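J.: 3D model of this:
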Amino acid sequence: MTLELKVRKVGNSLGIVLPKEALAHLNVHEGDVLTLTEAQDGVRLTAADPEFAKTMEVFSSLNRRYRNTLRELAK
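T.: Residues are numbered from 1 along each chain as shown. Take a look at the predicted model:
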């Protein structure tokens, strides 16, 4: 999907408006979080996955708790 989006002034900032097709493709709704990342071929816009965020939170907790054990296993 390729869309041309116009940058517009929104208050003191700049923003873009995503058309219905883009929202449907990303499966996002009002209040959802989007992530803009730099890629080799430009930038990538993706919808945040709540399950992934939850998984990373659990991983961070376990990583802190078992830091020394994981360090020893990595040797």
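
J.: in this protein, which spans are strands?
T.: For the chain, applying DSSP state E gives strands covering 8-10, 13-15, 34-39, 42-47.

J.: and those strands: which comes nearest residue 64?
T.: For residue 64, the closest of the strands of the chain is strand 34-39, at 23.9 Å, according to C-beta to C-beta. For glycine as for every other residue, the C-beta is placed from the backbone atoms N, C-alpha and C.

J.: can you give the contact residues for the lengthiest helix in the chain?
T.: Counting by DSSP state H, the longest helix found in the chain is helix 50-65. With C-beta atoms under 8 Å, 6 or more residues apart in numbering as the test, helix 50-65 has contacts from residue 70.

J.: let's have the chain start at 31 instead
T.: Sure, I'll start numbering at 31, so the last one becomes helix 80-95.

J.: roughly how far is it from the heart of the chain?
T.: Put simply, helix 80-95 sits 16 Å off its chain's centre (C-alpha atoms, centre = their mean, to the nearest Å).

J.: about what we covered before: I'd like the strands of the chain as CSV, with mean pLDDT appended.
T.: CSV is the format used below for the strands of the chain (pLDDT from 0 to 100):
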stretch, mean pLDDT
strand 38-40, 95
strand 43-45, 96
strand 64-69, 87
strand 72-77, 86
